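Asker: Predicted coordinates and the sequence they were generated for:
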Amino acid sequence: MSSTLQATWLRDDDRRPPDNFILEVVQRGLAARPKRLPSWLFYDERGSELFVAICEQPEYYLTRCEIALMRAHGAEIAAALGPDVRLVEYGSGHAIKTDLLLEHLVSPVAYVPVEISPEPLRQSVQRLGERFPDVAMQPLCADFTRALRLPIAPRATRRTVIYFPGSTIGNFEAADAAVLLRKMRAEMGESGGILIGVDLKKDTALLEAAYNDAAGVTAEFTLNMLAHVNRAIGSDFDLRRFRHRARYNPMAGRIETCILSSEDQVVRVGRQQVRFRENEAMQVEYSCKYSLEDFAALAHRAGLAVREVWLDPERMFSVQYLVRA
Ligand code: AVI
């Protein structure tokens with residue numbers, strides 16, 4: 001690890017959900033009508049690898065557009081954030097977009113990636129620490145949806161900016177998204193800001209293609225949730241008897257991803273036998289899409305105002321800078 005990487009590797013002891021917690025969550029979700037499972041169950045080791053592969057699919061425009069946007073406007077964005085920033089990245093993963101910001105920031109104080117998976121966290125601070133030796137690396141192995149104890153900054157900080165790229169905010173339903181934005185508002189403090197990637201509403205065919213890539217990577221990612229659950233709680237979902245479906249719901253403004261049962265079947269989950277009818281849909285993810293007005297209204301609900309918006313050349317994706325209203 002680089003010399004600037006601080007010795008404190010902060011981690012919540014309970015950062016990984018225990019298997020009995022997963023059993024409870026799965027049983028509760030299967031008892032709901034319609035059945036539903038939370039999208040965080042996608043992300044075991046294989047799920048994280050598949051997500052990286054999704055980002056490389058030609059149909060998944062989100063990553064490509066956000067990178068193009070950061071390349072075109074990185075300097076302007078850094079100027080809006082100002083000097084001596086402490087950058088806290090929520091759900092940083094491999095931090096593939098962070099370079100495009102750090103390379104333009106003037107004398108950043110520290111980089112605090114918050115990531116629940118230790119290996120991508122370790123690799124990203126190693127890489128960024130080598131590339132930006134003057135920036136203190138303060139990794140935090142934690143779930144960003146929970147209250148965070150941010151490490152003490154190594155020197156005076158002008159502002160804390162929470163960086164939340166990738167349109168991960170879209171995976172939260174509106175009420176939960178507002179709660180998360182409020183939590184960020186508290187963590188960034190009076191003079192802080194939030195730099196957030198937000199995917200925009202667009203043609204249904206383009207949206208649906210992004211979540212139904214021709215190579216079938218997204219379908220594999222979706223079904224891997226069942227393999228993860230089987231491993232965690234010993235259930236016996238047979239992945240060959242389920243399939244992926246992702247459709248845009250224009251009224252709700254979101255891609256709705258489901259796992260469909262291909263036949264009438266019974267699955268053992270703990271001590272329960274759970275029946276699935278042929279073509280029954282189990283809800284596993286929402287990916288909400290916003291207009292600029294929709295997102296400004298959401299920010300407003302969380303006590304925030306949109307200070308600046310940047311768009312990629314095709315106007316598919318936005319990066320927005322939010323401050324306290
Ligand atoms: C992480 N998140 C923003 C992705 C999305 O677009 O909702 C997860 C994903 N699900 C299927 N493809 C990508």
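Answerer: Okay, I see it.
Asker: helices or strands next to the longest helix seen in the chain in the packing?
Answerer: Longest helix in the chain by number of residues, with DSSP state H as the criterion: helix 61-81. Identification of packing neighbours for helix 61-81 by 3 or more CB pairs under 8 Å, 6 or more residues apart in numbering; DSSP states H and E yields helix 99-102, strand 193-199, helix 204-210, strand 304-311, strand 317-324. Bear in mind the C-beta positions are built from the backbone N, C-alpha and C, glycine included.
Asker: hey, which of those is tucked in deepest?
Answerer: strand 193-199 (a mean of 25; mean count of other CB atoms under 10 Å).
Asker: Pull up the pairing partners for it, direction included.
Answerer: Strand 193-199 sits in its sheet next to strand 159-164 (parallel), strand 317-324 (antiparallel), going by DSSP bridges.
Asker: Now do the helices in the stretch 101-250 of the chain.
Answerer: When assigned using DSSP state H, counting those that start in this stretch, the helices of the stretch 101-250 of the chain occupy the ranges 118-131, 174-188, 204-210, 217-233.
Asker: Val269 is nearest to which of those?
Answerer: Of all these, helix 217-233 sits nearest to Val269, with 7.0 Å by CB to CB.
Asker: Now do Asp238: how many residues are near it, please.
Answerer: 12 (other CB atoms under 10 Å).
Asker: Now do the contacts for it.
Answerer: Contacts for Asp238 (CB atoms under 8 Å, 6 or more residues apart in numbering) come out as Gln265, Val267.
Asker: And Ile162, what's its pLDDT?
Answerer: On pLDDT, Ile162 comes in at 98.
Asker: With Thr8 instead?
Answerer: Note on Thr8: pLDDT of 33.
Asker: about what we covered before: following the longest helix of the chain in sequence, what is the next regular element?
Answerer: Under the assignment DSSP states H and E, the closest C-terminal helix or strand after helix 61-81 is strand 85-90.
Asker: Please compute how far that next one lies from its chain's middle.
Answerer: 15 Å (CA atoms, centre = their mean, to the nearest Å).
Asker: average pLDDT for it?
Answerer: Looking at strand 85-90 alone, the average pLDDT works out to 98.
Asker: Report whether it contacts the ligand.
Answerer: No: taking CB under 6 Å from any ligand atom as the criterion, strand 85-90 and the ligand are apart, separated by no less than 11.6 Å.
Asker: Check which strands are paired with that strand and give the direction for each one.
Answerer: Counting by DSSP bridges, the strands paired with strand 85-90 are strand 110-114 (parallel), strand 159-164 (parallel).
Asker: Let me know the pLDDT of whichever residue of the stretch 1-150 of the chain sits closest to the ligand.
Answerer: Per CB to the nearest ligand atom, the residue of the stretch 1-150 of the chain with the smallest distance to the ligand is Ile54, at 4.9 Å. Per-residue confidence for Ile54 comes out at a pLDDT of 98.
Asker: Next one: it from Cys141, what distance?
Answerer: Remark: distance between Ile54 and Cys141 (CB to CB, to the nearest Å) = 24 Å.
Asker: what would the helices and strands packed on helix 61-81 look like in CSV with mean pLDDT and distance to Ala252?
Answerer: As requested, the helices and strands packed on helix 61-81 are arranged in CSV below (pLDDT from 0 to 100; distance: least, CB to CB, whole Å):
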stretch, mean pLDDT, distance to Ala252
helix 99-102, 98, 31
strand 193-199, 98, 14
helix 204-210, 98, 12
strand 304-311, 98, 22
strand 317-324, 98, 19
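Asker: got JSON lines for these, with distance to Pro133 too?
Answerer: Formatted as JSON lines, the entries for the helices and strands packed on helix 61-81 read as follows, by distance: least, CB to CB, whole Å:
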{"stretch": "helix 99-102", "distance to Pro133": "12"}
{"stretch": "strand 193-199", "distance to Pro133": "23"}
{"stretch": "helix 204-210", "distance to Pro133": "37"}
{"stretch": "strand 304-311", "distance to Pro133": "28"}
{"stretch": "strand 317-324", "distance to Pro133": "26"}
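Asker: Val266 is nearest to which of the ones you listed?
Answerer: The closest of these to Val266 is helix 204-210. By CB to CB, the value is 31.4 Å.
Asker: count of neighbours near the closest residue to the ligand within the chain?
Answerer: The shortest separation between the chain and the ligand is 3.4 Å, found at Ser287 (distances taken as CB to the nearest ligand atom). Using other CB under 10 Å, Ser287 has 20 neighbouring residues.
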